[in-house]
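Q: could you look at this predicted model? Sequence included:
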Amino acid sequence: MASDPTPKKSNPQISVVIPAYNEQNWIELTVQTLVAFLAKEFKTWEIIVVDDGSGDRTQEICEQFSQKLKNFVYLRNAKNTGKGFSVRRGMQTANGEIRFFMDADMPFELDVLSSMVHALETDCDITVGARDLPGSTLIGVPFIRFVAGQVFSWLVRLFAVKGISDTQCGLKGFRAPAAEAIFSRTTINDFGMDVEVLFIAQHLGYRIQRVPVRMTGFRGDSRVHLLKDSANMFWELLLIRWKALRGTYQLK
């Protein structure tokens, strides 16, 4: 029998998923900077932007990148559904052997990606950016936000995720099998998604390594509304425990 003469397309080494909502002020510079870094550091890569129903120029800017870059994927949600939904959609679209998601304003120095890739290729299944380890830096975060984050981290360790004090850092990386197993199980569409991802990962037995990140700045127009979103995230902690008890995540 004759062999298929068409060569199979190999998966890229790395995928980077960026959830975006009304990011016209950030997304162009973020993509340009990320393209330059990935092209320098990796042989093959892809960027996936998931637009969560933006009403500004985010769509126009991303469609321009789609026309210029063959390894740039633009997805648009029919309506604003939440960061968790957008990350899940992007991670399930990704083809990379290693898959990251990161914030659209790219608040960290990108060299951490190389450190995370090395860890994923040698030591662990999941890497989590950490803003509270030696070697990390935290820039411009208001005191009340810092205190609220510490309280939430304590609640996370109490109710859901053991041993990880900074679950909400917007940079996480996964080996492909771990990404596929975890994001096929996630259900939360909002900011509690980060906790749900790590809760599922721990219960599936994946090795998680925290990596220090160096912040380059703190956006003044943060999409997190402190009181409202803190209450929602606490509710989602309880929801994660309830779903686990009901067997929603199929962890056994």
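A: Sure, I can see it. Residues are numbered from 1 along each chain as shown.

Q: what sits closest to the residue minimising distance to the centre of the chain if chain neighbours are left out?
A: Closest to where the C-alpha atoms of the chain average out (Cα atoms, centre = their mean) is Phe101, at 2.8 Å. If the residues on either side of it in the chain are set aside, Phe101 comes closest to Val17, at 4.2 Å by Cβ to Cβ, 6 or more residues apart in numbering. For the C-beta atoms, the positions are set from N, CA and C on the backbone; glycine is no exception.

Q: with Gln168 instead?
A: Using Cβ to Cβ, 6+ apart, the nearest residue to Gln168 is Asp194, at 5.4 Å.

Q: who are the packing partners of the helix or strand containing the one you found?
A: Remark: Asp194 resides in helix 193-203, with elements defined by DSSP states H and E. Packing partners of helix 193-203 (3 or more Cβ pairs under 8 Å, 6 or more residues apart in numbering; DSSP states H and E): helix 83-93, strand 126-130, helix 176-183, strand 208-212, helix 226-246.

Q: what pairs with the second one, parallel or antiparallel?
A: For strand 126-130, the paired strands and their directions (DSSP bridges) read strand 171-175 (antiparallel), strand 208-212 (parallel).

Q: list the contacts of it.
A: Residues from elsewhere that reach strand 126-130, judged by Cβ atoms under 8 Å, 6 or more residues apart in numbering: 108, 112, 116, 119-120, 136, 164-167, 169-175, 178, 198, 201, 206-213.

Q: hmm, back to that, buried set for the helix holding Asp194?
A: Across helix 193-203, burial judged by 16 or more other Cβ atoms under 10 Å covers Met193, Asp194, Val195, Glu196, Val197, Leu198, Phe199, Ile200, Ala201, Gln202.
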